[in-house]
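Trainee: Next one to model:
(4 chains)
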Number of protein chains: 2
Amino acid sequence: MPAPTSSPSEPVVRAWARLERAHRAAQTTVEARLKEAGLPPLAWYDALLELERAGPTGLRPFELQREMLFAQYNLSRLIDRLAAAGYVARAASAEDGRGQVLTITREGRAIRKRMWPTYAAAIEEAVGRHLSSAEAATLADLLGRLYSRPAS
Amino acid sequence: MPAPTSSPSEPVVRAWARLERAHRAAQTTVEARLKEAGLPPLAWYDALLELERAGPTGLRPFELQREMLFAQYNLSRLIDRLAAAGYVARAASAEDGRGQVLTITREGRAIRKRMWPTYAAAIEEAVGRHLSSAEAATLADLLGRLYSRPAS
DNA sequence: TCCATAAAGATGCATTTGCATCTAAATGGG
DNA sequence: CCCATTTAGATGCAAATGCATCTTTATGGA
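Mentor: Numbering: from 1, shown residues only, chains lettered A, B, ... in the order given. I've put the predicted structure just below:
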């Protein structure tokens, strides 16, 4: 009988270790390029993009939270900052007296658009440069598996 | 002639977006499991593992920094905490008057070992469960490309 | 040898994150 | 209808991170 194999296989442990390192490296590059260009941080872009995609209906904070996998209290404060900057508008929800609806403002759309060239170049530098398109597609596929529900 | 294609290909952008999400999801799981078990955070494990691998020679802070891809000031303070907890010993470097040599203590080895079962289970939950060994190996390979020097 | 420059670490201060908890509104039995 | 429970979101306080800068020692010419 086989020895009680340690739960994660060796390739799994390696994948996790490299996920940490690769993410840190890429994130550092992207944040640095944005800052060099005098632009807001990455999280702002991500939030604004989700809100822009959501269209005029907007999103509830808890929906945005799920999209971004952000902690509730962190999202709450991220929205504070975005609203203070005038990039996001908060309105009371019509159907839920506890809640709000977030929409992106014209300025929000503008800044997101203005961030893109720098952000795009940083993505290319941090990721694209190292992989073919096919490899990137494979990587995206495998990473997507990590946060969608397990086959269960 | 082709339109001036935006620098990162669509699969590259997707890969980056998923790298963010997948990492956040996995990291959240791992940190939560460690905390539930009353164990130190992930970064402590990583640092202790590197120091343990380095053996009795130890590591210079800047070497550890490169291994972990940690910012200098963050590493400096991580070491403070590890030293305060008695898990790492700092000694003046013999060859470099500016520097130190870090070694893991007996207690450091013990806590790292004690963290492993919980950490391993969390890795399995966050990563292993979603992928076959072959897929994990492919993922590890692709991620590794992101932080080793580009083909140049 | 001297000096300008670079490298190793540390640190004060501002911002962000994490944690626990709180308020207010919704929901679902009984 | 009432009350216990859940859900949406905010917030005070502690810890960690980011930034700029500082000190000290090494290094490499002229």
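
Trainee: My guess is residue A:87 contacts residue A:107. True?
Mentor: Yes. Between residue A:87 and residue A:107 there is a contact under CB atoms under 8 Å: 5.7 Å. Any C-beta I mention is one placed from the backbone N, CA and C, and that applies to glycine too.

Trainee: okay, the two: which has more neighbours?
Mentor: More crowded of residue A:87 and residue A:107, by other CB atoms under 10 Å in any protein chain shown: residue A:87, with 23 against 12.

Trainee: That one and residue A:112, how far apart?
Mentor: 8 Å (CB to CB, to the nearest Å).

Trainee: Now for chain A: which helix has the highest residue count?
Mentor: helix A:10-36 (DSSP state H).

Trainee: Could you list the residues in contact with whatever helix or strand comes next after that one?
Mentor: Next along the chain after helix A:10-36, taking DSSP states H and E as the criterion, comes helix A:42-54. Here helix A:42-54 makes contact (CB atoms under 8 Å, 6 or more residues apart in numbering or on different chains) with A:27, A:30-31, A:34, A:58-59, A:63-64, A:67-68, A:70, A:78-79, A:81-82, A:87-88, A:102-104, A:108-109, A:111-112, A:115, A:119, B:20.

Trainee: on that earlier part again, next, show the common contact partners of residue A:87 and residue A:112.
Mentor: Here residue A:87 and residue A:112 share the contacting residues A:48, A:104, scored by CB under 8 Å, 6+ apart.

Trainee: Poorly predicted segments of chain A, please.
Mentor: Along chain A, the model assigns pLDDT under 70 to residues A:1-6, A:149-152.

Trainee: and it, which residues reach DNA strand C?
Mentor: When proximity is defined as CB under 7 Å from any atom of the strand, chain A approaches DNA strand C at A:41, A:43, A:71, A:73-74, A:77-78, A:81, A:96-98.

Trainee: try 10 Å this time
Mentor: Chain A comes close to DNA strand C at residues A:40-44, A:70-78, A:80-81, A:84, A:92-99, as judged by CB under 10 Å from any atom of the strand.

Trainee: Got the phi and psi for the residue of chain A found nearest DNA strand C?
Mentor: Residue nearest to DNA strand C within chain A (CB to the nearest atom of the strand): residue A:97, separated by 2.6 Å. With angles defined as degrees, to the nearest 10, residue A:97 sits at phi -60, psi -20.

Trainee: Count the neighbours of it for me.
Mentor: By other CB under 10 Å, the residues close to residue A:97 number 7.

Trainee: Chain A against DNA strand D: which residues are in contact?
Mentor: Residues of chain A lying close to DNA strand D by CB under 10 Å from any atom of the strand are A:24, A:27-28, A:31-32, A:34-36, A:41, A:59-66, A:71-80, A:83, A:90, A:92-93, A:96-102.

Trainee: Buried ones from those, can you make that a ChimeraX selection?
Mentor: Those of the residues of chain A next to DNA strand D that count as buried under 16 or more other CB atoms under 10 Å in any protein chain shown are selected in ChimeraX with:
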select /A:24,27,34,59,60,61,64,65,75,78,79,100,101,102
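
Trainee: Take the residues of chain A next to DNA strand D and keep only those in strands.
Mentor: Judged by DSSP state E, strands contain the following of those: A:90, A:92, A:100-102.

Trainee: could you dump the residues you listed to CSV with distance to residue A:10?
Mentor: As requested, those are exported to CSV (distance: CB to CB, whole Å):
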residue, distance to residue A:10
A:90, 48
A:92, 53
A:100, 47
A:101, 48
A:102, 44
